[in-house]
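K.L.:
Here is a sequence together with a model predicted from it:
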Amino acid sequence: GHGPPVGAVLVPHRHGVPREVLAQPRGEVRVPLAHVLAERGVGARLVGREPRAQPLFAGPISRPEARGLMREPLEVYLDVAAVRRDAANLGQLAPRLLADAVLHVAAVRAQPAAEAPERDPEVVQRLGVAGPPQTVVLGFGADMRYLTGYVAPALERLTALVVPARGEATLIVPRLEAGMAGDAPAMRGGHVATRPFGETDDPFALVAAAVRAGARGNGGSFDVAVSDRLWATFVLRIEAALARDGATVALRLASAVLGALRMVKAPEEAALLRAAGRAVDTVVTAITSGRLVGRTENDVAREVRERLTSAGHEVASFAIVGSGKNSASPHHEASAKVIEAGDAIVLDIGGQFGGYGSDTTRTIWVTGPNGAVPPTDDFLHRYAILKRAHQAATDHVRPGVSCESVDQAARAVIEAAGLGERFFHRTGHGIGLEEHEDPYIVSGNTTPLVPGHAFSIEPGIYVEGLNGARIEDIVLCGERGVDQLNLTSRELYVVAG
């Protein structure tokens, strides 16, 4: 194809790149991502004021067959090494952000504004006091990473963070992983004690002992909140260890305690989500500008994953490439199907950038050479309705409106056009350390939006057996309205392919 090099960041000239650099070879043009973020008010440590919501990516490259559908053409390609280096620097901040800045948010919310400290390293201990359960027990996954900065291996050996109502928080960890656990910010800073166990030790007894040590009141009754995704084999054995000697055990989900905290992103988290959005946008631009006809969905998906990691993602989480009738299957797995002229393609891609998720969807129509098979009138009609629905939901985002009302804003447009049955999934999902998390943009969720909520807006219209289309952006609820983190064009990408 004729698109940018793998991992290239595309920057309009208004960001301080002189037009003269256009005469240079692509590989010699260097405008680091850190410079661009600095232009947006994000400092080297990603702290301070919220980045300004100004466009960084102007849209897809203006190719002859696509010209007229896109916004201003992008003019400068940045070299891959610079992008990769700057992305790595951003990613290294994630553990500190999670164990320090994010926990500060919890401390602020727990106190009157006038008493809110600049920093509260003991907020992990205070979590149990503020919540209804006596103790919170978290296994590997996003909750543990959120509170400690530690990414525990998801293996058969138990790793558990025990946060009691009183006393110190403790990480029960296999001895062979104690070194890397101890290097994580919360443990390294002395805020969480580490309790390694050997191969013949009983880690469930250690968890039970830590819970008992911090239990309030009657030691014969335990009220424990556990990770929502803690494996059943661990939950049952922790429960059995606590129930010894006739104690009663009540288990509940830790999301009741942590959900409200994780749902509202701190400025540092928002900065990482914004950087993730910019990185994934470069991949959309590259794929829509490259060759598609004659390639399999699997081959395009492979390229997507390579470009995601080259653009700074540590993990390429998914690459949905649904062509032809497969575009009507929202969660289609890329297959051996060969992309042909006249195919619609739903391209839904994302990964983890500094621990935080990216997720975007654009729809492509491949005409073949010389525009041989243009989009059908029916498809263009459906896409126009979809674009209005996406815009209606986006415009509706502001503090105080309910999550379900954002869903309804998109759904009302599609239903009014008589295509309601063709839109059969929710409008969006929250995003952060997990690709799907609270808040969910769906009917029945009356949670009011507040500044810091991050979620997708992704209506779709699908005609099974024929084709489908979807548009997806990640957005933040800002103080005065929506802040869109994906900035590539939302028009139908009509390309020769």
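P.N.:
Happy to help now that I have it.
K.L.:
So which bits of stretch 261-279 are buried?
P.N.:
Across stretch 261-279, burial judged by 16 or more other CB atoms under 10 Å covers 261-279. No exception for glycine: its C-beta is placed from N, CA and C like everyone else's.
K.L.:
wait, isn't G350 in contact with I320?
P.N.:
No: counting by CB atoms under 8 Å, no contact exists between G350 and I320, whose distance comes to 9.3 Å.
K.L.:
Those two: who's more crowded?
P.N.:
Under the neighbour definition other CB atoms under 10 Å, G350 and I320 were set side by side, and G350 has more, 29 against 23.
K.L.:
Strands along the stretch 201-350 of the chain, start to end?
P.N.:
For the stretch 201-350 of the chain, the strands identified by DSSP state E, counting those that start in this stretch occupy 221-226, 248-253, 315-323, 344-353, in order along the chain.
K.L.:
okay, these, which one's buried deepest?
P.N.:
Neighbour counts (mean count of other CB atoms under 10 Å) averaged over each of these peak at strand 344-353, with a mean of 26.
K.L.:
Pairing partners for the helix or strand following that one, with directions?
P.N.:
Sequence-wise, the next helix or strand downstream of strand 344-353 (DSSP states H and E) is strand 356-357. Partner strands and pairing direction for strand 356-357 (DSSP bridges) are strand 344-353 (antiparallel).
K.L.:
how far out from the middle of the chain is the strand it pairs with?
P.N.:
12 Å (CA atoms, centre = their mean, to the nearest Å).
K.L.:
now swap in stretch 397-413 and tell me
P.N.:
Shown here is stretch 397-413, whose average C-alpha point lies 20 Å from the average C-alpha point of the whole chain (CA atoms, centre = their mean).
K.L.:
can you pull the buried residues of that stretch?
P.N.:
For stretch 397-413, burial by neighbour count (16+ other CB under 10 Å) applies to V397, S402, C403, E404, S405, V406, D407, Q408, A409, A410, R411, V413.
K.L.:
now, among those residues, which is nearest to R195?
P.N.:
Set against R195, the nearest of the buried residues of stretch 397-413 by CB to CB is C403 (39.5 Å).
K.L.:
Setting aside sequence neighbours, what's the nearest residue to that closest one?
P.N.:
The shortest distance from C403 to any residue that is not its chain neighbour, by CB to CB, 6 or more residues apart in numbering, is 4.1 Å, and that residue is N445.
K.L.:
Show me the helices in the stretch 201-350 of the chain, by range?
P.N.:
Taking DSSP state H, counting those that start in this stretch to define them, one finds helices in the stretch 201-350 of the chain at 203-214, 232-242, 255-263, 267-289, 297-310.
K.L.:
for those, which one sits closest to G371?
P.N.:
Proximity to G371 (CB to CB) singles out helix 267-289 among those, at 15.7 Å.
K.L.:
what is the mean pLDDT for the closest one?
P.N.:
When pLDDT is averaged along helix 267-289, the result is 92.
K.L.:
Only alpha carbons, please: show it as CSV.
P.N.:
As requested, C-alpha coordinates have been extracted for helix 267-289 and formatted as CSV (Å, rounded to 0.1, in the frame of the first residue of the first chain):
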residue,chain,number,x,y,z
PRO,A,267,-6.3,13.3,34.6
GLU,A,268,-3.3,11.0,34.4
GLU,A,269,-5.5,8.1,33.3
ALA,A,270,-7.3,10.3,30.8
ALA,A,271,-3.9,11.3,29.4
LEU,A,272,-3.0,7.6,28.8
LEU,A,273,-6.4,6.9,27.2
ARG,A,274,-5.8,9.9,25.0
ALA,A,275,-2.4,8.6,24.0
ALA,A,276,-3.9,5.2,23.3
GLY,A,277,-6.5,6.8,21.1
ARG,A,278,-3.9,8.6,19.1
ALA,A,279,-1.8,5.4,18.7
VAL,A,280,-4.7,3.3,17.4
ASP,A,281,-5.8,6.1,15.1
THR,A,282,-2.5,5.7,13.2
VAL,A,283,-3.3,2.1,12.6
VAL,A,284,-6.7,2.9,11.2
THR,A,285,-5.1,5.4,8.9
ALA,A,286,-2.5,2.8,7.7
ILE,A,287,-5.0,0.0,7.1
THR,A,288,-7.5,2.2,5.2
SER,A,289,-4.7,3.6,3.1
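K.L.:
Look up how far E314 lies from the residue most central in space within the chain.
P.N.:
Ranked by distance to the mean C-alpha position of the chain (CA atoms, centre = their mean), the top residue is G357 at 2.3 Å. As for G357, its distance to E314 is 11 Å (criterion: CB to CB, to the nearest Å).
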